[in-house]
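Visitor: Based on what follows, work out the 3D shape:
(one chain, ligands or ions: 1)
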Amino acid sequence: MELIEVPQLIRNAERFREVVTILTRHGLADWMSGVPSIWPERLRGSADESMTTAARIRVAFEELGTTFIKLGQVLSTREDLVGRELACELAQLRANTPSDPADVVIAMIESELGAGIDELFLKFDSTAMASASIGQVHRATTHEGHDVVVKVQHPGIEQRIVNDLEIMQKLAEIAEQQSERLTQYRPVDTIREFQRSLMRELDFQRELKNMNRFRTNFQDEPDVHFAKPYPKLSSRRVLTMQRLDGISVSNKAELKTSGADLNEVAHRGAVVFLDMIFRDGFYHADPHPGNLMVLNRHVPSQDPSNDGPPAKQVIGLLDCGMVGRIDDALKDDLEVALIAAVTGDAESIAEIAVRLGDVPCDFDEPSLVSEIRDMLDDYADQKLREFDVSACLRDVTGIIREHRIYLPAKVAMLLKVLAMLEGTAHQLNPNFSLAELLEPYGQQAMRRRLSPRRVYERIKNRVDDWDHLLSILPKDLGDVLHSLKQGNFDIHLQHRRLEPIVNRLVMGILTAALFVGSASLWSSGVPPLLFGVSVPGMLGCSLAMVMGVRLSWQISRVR
Ligand SMILES: Nc1ncnc2c1ncn2[C@@H]1O[C@H](COP(=O)(O)OP(=O)(O)OP(=O)(O)O)[C@@H](O)[C@H]1O
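Guide: Okay, here's the model as predicted:
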């Protein structure tokens, strides 16, 4: 059996050995048979047979610590990749990181910000108010008297994470080389994407920028609040921000006692996230209840008289470390897919999944469409307000997964956020309907698709495509003609999805040829003439234009 090279792991040999030992102990290392023994004794698994594989993975990740717990949390949102059972199991992973002693935290802040703690803050509470996987949070007061919280990274956490990521990367490569079963989980791509997002989370300067961007995007909405960051009291590992005073949405009982209108909180909170996604294309990617608060201040109603509507509650959002971006094209696709789900249009959903995803070569499109259609039939009787968006997304991703279509991380993240959003809102109001809320976004989407700017952009893209095609066409046509003359012109169709593209390409070439030929008839004034214009030339050009418009329309449907 081929041996795996491990020299780059020598630096992390001890930790590598620990990781493999833990995986082996839980019976999760059988696929590593080709790894040379960099440790003397043979490692034998004594897995607890009473536990499912998914449960053993969760327990092993818990033992392996922060980086693996974070990986597990990310995978728990990738049902499309790991399947329902493992996703549910991993969703239970909790980082149980003890807080660091006060002197260690203070030393970290002082070295990061280059000044003594008393120079930096008027008051600093050395008891952590929360300790999470990457850092812990302390209350403090600035010299101007502002109440703030200071988020401080656990010392050495970055190096530990970097080391673990290196090991994970190596294990992913081994898995992809050694195990057909694990290859379906795309270990190398998945770890690469995870590595990128975790390294971004480790840089608090990014979180600070995200907070500022959200504050700008919501500056005209007084009932939504993002904490103000303090750049002079922040660095890559320390983040100081305004302290939000309120009740966490995860604390439903306390919210109720405070008299908060839970239905309104669910509705407003969801609208905030949909605005981030559909309006701004820049969204908070972790809408779990612990990251939402109802603040202890209210926006007064417009009408100051007692008869007016009650004051609006202010929603505060925490933890802007993980964000997603969505461009216009993806926004269009998402809107079309959501409308298609509600209207039972299986073809559109399948078409979008196939276009965005990575599709295996033996992929069976008719069976994908028919499975999605069967699944949507189950939802056909639901009224819009009862439509269960998360369940439907879950079912679609399940089918996509069975067809071994791999969705890009940005799409998976978006689906995760929509599902989490519905879950969080349901906790507050069991009758909450995300589908109803999405309806106006669908209508806006239709209007936007027809807006002059978007039509102009689509036409411009088409023109750019045509311009590119015309610039390469003479040479490519020359090559094709040359091959034809030599008698060695073959078309090898290896993928069913290429068929329509080839058809359109042929139509495009014919249209271009018709246009060029007719234009030359027109300019040469070939008779018969009508008002001095060549009739064959005019008819040919008109026909080419009709064909061109039809073709552009077909291409725009595919995009
Ligand atoms: N601006 C704030 N005002 C009040 N409390 C805050 C603020 N920021 C954070 N907290 C408290 O600290 C906790 C942890 O903060 P945060 O979620 O930002 O940390 P994290 O390290 O990103 O956590 P995680 O590992 O869950 O991503 C929050 O749940 C909240 O209770």
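Visitor: How about the residue in the stretch 351-500 of the chain that the ligand sits nearest to: what's its closest non-neighbour residue?
Guide: The ligand sits closest to Met420 of the stretch 351-500 of the chain, with a gap of 13.3 Å, by CB to the nearest ligand atom. All C-beta spots, glycine's among them, are computed from the backbone N, C-alpha and C. Excluding the flanking residues, the one nearest Met420 by CB to CB, 6 or more residues apart in numbering is Pro287, at 5.0 Å.
Visitor: Could you do Gly290 as well?
Guide: Ser250 (4.7 Å).
Visitor: how many neighbours does Ser544 have?
Guide: I think there's a mix-up here, since residue 544 is Ala and not Ser. 20 (other CB atoms under 10 Å).
Visitor: does it belong to a helix or a strand, and which?
Guide: Using DSSP states H and E, Ala544 sits in helix 535-558.
Visitor: Pull the distance from that helix to the chain's centre.
Guide: 38 Å (CA atoms, centre = their mean, to the nearest Å).
Visitor: Run through the stretch 251-400 of the chain and note the low-pLDDT ranges.
Guide: 299-311 (pLDDT under 70).
Visitor: sec struct for whichever residue of it sits closest to the ligand, please.
Guide: For the stretch 251-400 of the chain and the ligand, the shortest gap (CB to the nearest ligand atom) falls at Asp319, measuring 3.6 Å. State at Asp319, reduced to three classes by DSSP: H, G, I helix; E, B strand; the rest coil: coil.
Visitor: Go ahead and confirm it touches Asp286.
Guide: Yes - the pair Asp319 and Asp286 passes the contact test of CB atoms under 8 Å, sitting 6.0 Å apart.
Visitor: All the strands of the stretch 301-450 of the chain, residue numbers only.
Guide: Secondary structure of the stretch 301-450 of the chain by DSSP state E, counting those that start in this stretch: the strands cover 312-317, 323-325.
Visitor: Buried deepest among those strands, which one?
Guide: Neighbour counts (mean count of other CB atoms under 10 Å) averaged over each of the strands of the stretch 301-450 of the chain peak at strand 312-317, with a mean of 21.
Visitor: That one: how far from the chain's middle?
Guide: With CA atoms, centre = their mean, you get 25 Å for strand 312-317.
Visitor: Partner strands of that strand, with direction?
Guide: If you go by DSSP bridges, strand 312-317 pairs up with strand 224-226 (parallel), strand 292-299 (antiparallel).
Visitor: what about it, near the ligand?
Guide: No - using CB under 6 Å from any ligand atom, we find that strand 312-317 stays clear of the ligand, coming within 7.5 Å at best.
Visitor: Residue nearest the middle of the chain, spatially speaking?
Guide: Residue closest to the mean C-alpha point of the chain, counted by CA atoms, centre = their mean, is Met413 at 2.5 Å.
Visitor: Surely that residue and Gly324 touch.
Guide: Yes - using CB under 8 Å, Met413 is in contact with Gly324, at 4.9 Å.
Visitor: Give me the common contacts of these two.
Guide: Ala285 (CB atoms under 8 Å, 6 or more residues apart in numbering).
Visitor: Run a quick neighbour tally on the residue lying closest to Cys541 once chain neighbours are set aside.
Guide: The spatially closest residue to Cys541, leaving aside those adjacent along the chain, is Ser518, at 4.5 Å (CB to CB, 6+ apart). Other residues within reach of Ser518, judged by other CB under 10 Å, total 22.
Visitor: before we move on, which element is Ser518 in?
Guide: Residue-wise, Ser518 maps onto helix 498-524 under DSSP H and E.
Visitor: What strands flank the helix or strand following that helix, and is each parallel or antiparallel?
Guide: Next along the chain after helix 498-524, taking DSSP H and E as the criterion, comes strand 529-530. In the sheet, strand 529-530 lines up against strand 533-534 (antiparallel) (DSSP bridges).
Visitor: Let me know the average pLDDT across the strand it pairs with.
Guide: Across strand 533-534, pLDDT averages out at 75.
Visitor: Show me how far it is from its chain's centre.
Guide: For strand 533-534, the distance to the chain centre is 56 Å (CA atoms, centre = their mean).
Visitor: Contact residues of this structure facing the ligand?
Guide: Counting by CB under 6 Å from any ligand atom, the residues of the chain near the ligand are 130, 132-135, 137, 149, 151, 227, 241, 243-244, 290, 318-319, 321.
Visitor: Now rank the residues you listed by neighbours and give me the top one.
Guide: Highest neighbour count within these, by other CB under 10 Å: Gly135, with 26 neighbours.
Visitor: Who does that one form a beta bridge with?
Guide: Gln153.
Visitor: begin at 5 from here
Guide: Understood, numbering begins at 5; the last thing we discussed is Gly139.
Visitor: Okay, now the unreliable bits of the stretch 5-154 of the chain?
Guide: Residues of the stretch 5-154 of the chain that meet the cut-off, pLDDT under 70, sit at 5-14, 38-51.
Visitor: and if we set it to 90?
Guide: 5-18, 20-21, 24-25, 28-29, 31-54, 77-88, 91, 95-103, 135-137 (pLDDT under 90).
Visitor: just to revisit the earlier point, would you mind giving the secondary structure of the residue nearest to Met424?
Guide: Classified using three-state DSSP, Pro291 is coil.
Visitor: Kindly report the same for Thr81.
Guide: Under three-state DSSP, Thr81 comes out as coil.
Visitor: Give me the phi and psi for it.
Guide: phi -100, psi 0 (degrees, to the nearest 10).
Visitor: Next, the contact list for the residue lying closest to it once chain neighbours are set aside, please.
Guide: Once flanking residues are discounted, Thr81 sits nearest to Lys420: 3.9 Å by CB to CB, 6+ apart. Contacts here follow CB under 8 Å, 6+ apart; on that basis Lys420 touches Thr81, Arg82, Ala289.
Visitor: For those, pick the one with the most neighbours.
Guide: Arg82 (25 neighbours).
Visitor: That one and the ligand, how far apart?
Guide: 17 Å (CB to the nearest ligand atom, to the nearest Å).
Visitor: Same check on Leu79?
Guide: 16 Å.
Visitor: Please verify my assumption that that residue contacts Ala91.
Guide: Yes - Leu79 lies in contact with Ala91 (CB under 8 Å); the separation is 7.0 Å.
Visitor: In contact with the residue nearest to the centre of the chain, which residues?
Guide: Each residue near Met417 by CB under 8 Å, 6+ apart is listed here: Thr81, Ala289, Gly328.
Visitor: who are the neighbours in contact with the last one?
Guide: Listed by CB under 8 Å, 6+ apart, the contact set of Gly328 reads Phe286, Tyr287, Ala289, Lys414, Met417, Leu418, Val421.
Visitor: do the same with the first one
Guide: With contacts taken as CB under 8 Å, 6+ apart, Thr81 has the following neighbours: Ala91, Ala416, Met417, Lys420, Met424.
Visitor: In helices only, show me these.
Guide: Those of the contacts of Thr81 mapping onto helices are Ala91, Ala416, Met417, Lys420, Met424, per DSSP state H.
Visitor: you'd agree the first one is up against Gln77?
Guide: So that's Ala91. No - when contacts are counted by CB under 8 Å, Ala91 is not listed as touching Gln77 (10.6 Å).
Visitor: Which one of those two is surrounded by more residues?
Guide: The neighbour count for Ala91 versus Gln77, taken as other CB under 10 Å, is higher for Ala91 (21 against 18).
Visitor: ok, and the closest non-adjacent residue to the more buried one?
Guide: Glu83 (4.3 Å).
Visitor: now do Pro364
Guide: Using CB to CB, 6+ apart, the closest residue to Pro364 is Arg408 (4.7 Å).
Visitor: pLDDT score assigned to the one you found?
Guide: At Arg408, pLDDT is 87.
Visitor: who wins for neighbours among the contacts of Gly328?
Guide: Tyr287 (26 neighbours).
Visitor: Now it: which helix or strand?
Guide: Counting by DSSP H and E, Tyr287 is found in strand 286-288.
Visitor: Adjacent strands (with direction) for that strand?
Guide: strand 327-329 (antiparallel).
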